[in-house]
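*Asks:* My questions are about this predicted structure, shown below with the sequence.
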Amino acid sequence: MFESSQNVLLKPTESWRETLLDSRVMELFFTVHRKIREDSDMAQDSLQCLAQLASLHGPIFPDEGSQVDYLAHFIEGLLSTINGIEIEDSEAVGISSIISNLITVFPRNVLTAIPSELFSSFVNCLTHLTCSFGRSAALEEVLDKDDMVYMEAYDKLLESWLTLVQDDKHFHKGFFTQHAVQVFNSYIQCHLAAPDGTRNLTANGVASREEEEISELQEDDRDQFSDQLASVGMLGRIAAEHCMPLLTSLLEERVTRLHGQLQRHQQQLLASPGSSTIDHKMLDDLYEDIHWLILVTGYLLADDTQGETPLIPPEIMEYSIKHSSEVDINTTLQILGSPGEKASSIPGYSRTDSVIRLLSAVLRVSEVESRAIRADLTHLLSPQMGKDIVWFLKRWAKTYLLVDEKLYDQISLPLSTAFGADTEGSQWIIGYLLQKVISNLSVWSSEQDLANDTVQLLVTLVERRERANLVIQCENWWNLAKQFASRSPPLNFLSSPVQRTLMKALVLGGFAHMDTETKQQYWTEVLQPLQQRFLRVINQENFQQMCQQEEVKQEITATLEALCGIAEATQIDNVAILFNFLMDFLNNCIGLMEVYKNTPETVNLIIEVFVEVAHKQICYLGESKAMHLYEACLTLLQVYSKNNLGRQRIDVTAEEEQYQDLLLIMELLTNLLSKEFIDFSDTDEVFRGHEPGQAAGRSVSAADVVLYGVNLILPLMSQDLLKKYSRREVFCFKLSQKDKDKNKDPLEKEEKGVRVCLLVYSLTIVFRMSSEVCQLCLEALTPLAEQCAKAQETDSPLFLATRHFLKLVFDMLVLQKHNTEMTTAAGEAFYTLVCLHQAEYSELVETLLSSQQDPIIYQRLADAFNKLTASSTPPTLDRKQKMAFLKSLEEFMANVGGLLCVK
Amino acid sequence: MDHGGPGRGGAGRGGEPGVGSVAAPPRLLDQPRPPAPPQPQGPADAAKACGTGPKFPQKNHTSPQPTMADEIDFTTGDAGASSTYPMQCSALRKNGFVVLKGRPCKIVEMSTSKTGKHGHAKVHLVGIDIFTGKKYEDICPSTHNMDVPNIKRNDYQLICIQDGYLSLLTETGEVREDLKLPEGELGKEIEGKYNAGEDVQVSVMCAMSEEYAVAIKPCK
């Protein structure tokens, strides 16, 4: 919030025209900077001024011509200031902000309208600065500086490049190619080890490198540098002619070296087993090189799209088409299909499609890894590289595998021949990827991230039906399914999230196109064992007696984990089948809840199954199915509540974890409640029409269910938790009792409403230490208050109870320090409450204001509050108004948030 | 209720025989089971009597010889079953159990790290002794096997408290007298409930040859 305010764009009114468009003003600022640039503090301020001037836009410009003049003038000034000087560390960020502002604010047609030589100089300067900042940023990393100014500047410039080249129809074709080559080369150079690159080299050319401990919290490079990589990938596409062959040769050369290194190590090990004199430096350097090359290749070849179908980037497609006449398809396929051999050993290897050749270079890395594993050299391999490989393959497969010709105007023959539908190439590569997945899962079970990326690749292979159809034709797929169903090593070594995703993939695969018999057989392999084993265990005569035996507990745990995975596989077209399958289990799970009532870890897992099912399926369910789920959930809560009422236990763990079951229940209720605002089942009118005349009479909303559910667990809270905590909620509890007495009229629902509010309120206090629960509470509160607003019964207890919340949320937002991540949830709840209780809200504001003695603070606060509600007077439950309010709230928090909660 | 939908419910059963037909086998656990076997009236009376009058000698004919307080009886139930089993580090989970420094622990923290970017994962475990509450830590390569304790929980009905020991009635009608009244709040709670004449169920947790009462719940 505060960061963006540093870079506010300058949009003055017309009255400033004479002042700001006067070229002498601009020159003055440049001159000032030239004079003071050696003083780092002042230089930052003067650059800040220039960055503001670089963002000038709006009514101040009478016409396009004046904008062009201004820009030309500015660029001249800029170039004459920075050309020929050595840029100070303190100037880097400022200068990059100026350039970034120019490129973001001025429209393309204005940019191209300035004298072409000037524009060329500007782009040259940008290229030069980008490369130079990139090198300095790399140095900063080696020296492990705290303040990464060059990294920040480099990020800004790379982002500017992305903006500049994305809209390239204003420039003639190939205008940026040479610049792109330079920036791309320098990026690669900074990330490769000597002699090709300069990684880990300090200014005087000495290599430095230390083995540090890296915790799991440290982000992977592909995420940490995703913006940089996206820009570099884009530039690589523009200069595909240069960059793709470069990446290919760099990768191929390193594959050969890696292969050689590993072979030497193997011989060494064979010659003198047990000796541990292996020098890892050489290997690690190769791994790091390959790591970066794969990341850049991944970003160059494909985009990471979420939700929509990713397309082959047009530059890549064009490039492949352009050269397709020189390409020998058979040799290309041979290169693709022989990852175990050196590309250059294949006759005619130079006449191959570059896109496929680049992919096959990564496959060659993958193959070396697989062979090293088979040769028992796993301990020498880099899990990081393994992760990069499957990450790349997943990204690649999403875009290229079974390329859908309908989505493109023109398609490259090599690409469609190699990866199109019904081609040998795609069948082969699916087999290869599957083999890789299976190998990884058995060898790398101990590397959770790698195993996770691997199952994600598997999900990618089966989540689209076209690909899944090919996958299920592989014998390996069936083996994998059988092996997983048997719960034997090595697959049962995988961590539980990985096992869940694996289950998800196996279920998704089951919806591929198969004949009835095969399908029957598949489900017999995948789902049936699960059910049979489960039923065999729980239907034993003496299950009650043996339920605590370790094998039995493990069986139950594995089943529950698998159920979570099955729920995760839910898609709109399989929900009907999966729901029926899971419902049978859910009913059994309630029985388990009884059997394992004294075993919290099992209880939690059972609730988790319900959480997942509700999370993934509730939005698709029609009324009667939703009712089934509601009923199951409520029965679960009833059993839970009965078993835990009055239970007291010693728990050695921290308080927050002790209440994990309650946390899960809150999550379950929230998931059920989500039906109120996300519901895809409306279209199913036919289905609904068949409900024999009940719909009108007893339609049950998710909110009713949640109210009822909360009512069930409330006693647990009041005895177990509430008692322990301060007077405040006891007071609140009494208050609600009073409300209840007053309202003897058995409007059950309303009474529950009060108790809900009470619960949420208590939870907010009880779990103040856990922002997660607080967030859940706030999220639950919004729809409840909305429901209350719709009912418009101002004397109902629910209505009265929500009034207490207004104060609570108001205090929380305005007076207390809170987690900023919670502002949105709190803001939404707050707005709904303000709508409900406008008078009370005004009162709260008045009270707060009248307590201020300092007139200045008073005024600031009063203004801030006025502004806060200005966009939404009178407040109504309208989405647009709500959004406006949330926006104002953000400003409000930035403006006076600190003022009030300091005390 | 969902017999009506030719589109959805019908297809689910007929069109996908694979999944639909799996649902056929009979289920025993459809309904929540009645909690535990019904408590026989006798012991409850006995419990009350025990609180006031002289001690009852009746337990001796059911359980072997658990009279000496320090003697713990392991011959019942899972004789021969190992008290731990190995598991690859990576498959452990937070809130699960593990043996650290020879003690059964609940895992409260689990994180991984590696030496250098291309190093292999190591797992850092922080566990809390499930009986003493003491904290233990360990770090090991994630390919290693760790011992996981077999944890067993049983619910018994409290008959009486004497000399700091609990008399508990097992589901099979035997009486155990070898478990101490726990110290701290839970112990006080048990005593309080017992003195007030309330019927309570005591949850007993057993791991690696140790056994303690860890929770109580009033019987209805």
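*Replies:* Alright, I've got the coordinates. Numbers count the residues shown, from 1 in each chain, chains lettered A, B, ... in the order given.

*Asks:* chain center to the helix or strand containing A:Tyr299: distance?
*Replies:* Using DSSP states H and E, the element containing A:Tyr299 is helix A:280-301. Distance of helix A:280-301 from the chain centroid (CA atoms, centre = their mean, to the nearest Å) equals 24 Å.

*Asks:* Residues contacting the next helix or strand after it, please?
*Replies:* Next along the chain after helix A:280-301, taking DSSP H and E as the criterion, comes helix A:314-322. Outside of helix A:314-322, the residues that reach it under the criterion CB atoms under 8 Å, 6 or more residues apart in numbering or on different chains are A:237-238, A:240-241, A:244, A:300-301, A:353-355, A:408, A:410-415. C-beta: built from backbone N, CA, C; applies to glycine.

*Asks:* Helix A:314-322: which residues count as buried?
*Replies:* Going by neighbour count (16 or more other CB atoms under 10 Å in any protein chain shown), the buried part of helix A:314-322 is A:315-317, A:319-320.

*Asks:* one step back: buried ones among the contacts of helix A:314-322?
*Replies:* Among the contacts of helix A:314-322, those classed as buried by neighbour count (16+ other CB under 10 Å) are A:237-238, A:240, A:244, A:300-301, A:353-355, A:411-412, A:414-415.

*Asks:* Average pLDDT for the helix holding A:Tyr299, rounded please.
*Replies:* For helix A:280-301, mean pLDDT rounds to 95.

*Asks:* Could you do stretch B:208-216 as well?
*Replies:* If you average the pLDDT over stretch B:208-216, you get 90.

*Asks:* Mind checking if it is in reach of chain A?
*Replies:* Yes: under the criterion of CB under 8 Å from any CB of the partner chain, chain A is reached by stretch B:208-216 at B:214-216.

*Asks:* Okay, buried residues for that stretch please.
*Replies:* Buried residues in stretch B:208-216, counting neighbours by 16+ other CB under 10 Å, are found at B:208, B:210-216.

*Asks:* what two of these are the furthest from one another?
*Replies:* Pairwise distances across the buried residues of stretch B:208-216 peak at 22.9 Å for B:Met208 and B:Ile216 (criterion: CB to CB).

*Asks:* Confidence-wise, which helix or strand of chain A is lowest on average?
*Replies:* For chain A, using mean pLDDT, DSSP states H and E, the weakest element among its helices and strands is helix A:727-742, scoring a mean of 36.

*Asks:* what ranges do the strands span in the chain?
*Replies:* You didn't pick a chain, so chain A it is. Using DSSP state E, the strands of chain A run over A:213-215, A:648-649.

*Asks:* you looked at the wrong chain, it should be chain B
*Replies:* Using DSSP E, strands in chain B cover B:84-88, B:97-100, B:103-115, B:121-129, B:135-141, B:145-149, B:152-162, B:165-169, B:175-180, B:200-207, B:210-218.

*Asks:* For chain B, see how far away A:Asn671 is.
*Replies:* Using CB to the nearest CB, to the nearest Å, we find A:Asn671 at a distance of 21 Å from chain B.

*Asks:* you'd agree that residue is up against A:Gln617?
*Replies:* No: contact between A:Asn671 and A:Gln617 fails when scored by CB atoms under 8 Å: they sit 9.5 Å apart.

*Asks:* one step back: show me which of the contacts of helix A:314-322 neighbour chain B.
*Replies:* Checked against chain B using CB under 8 Å from any CB, the contacts of helix A:314-322 give no members in range.

*Asks:* Tell me which of these fall in helices.
*Replies:* Counted as lying in helices by DSSP state H, out of these, are A:237-238, A:240-241, A:244, A:300-301, A:354-355, A:413-415.

*Asks:* From the residues you listed, pick the one nearest chain B.
*Replies:* Proximity of the ones in helices among the contacts of helix A:314-322 to chain B, judged by CB to the nearest CB, is greatest for A:Leu300, which lies at 21.8 Å.
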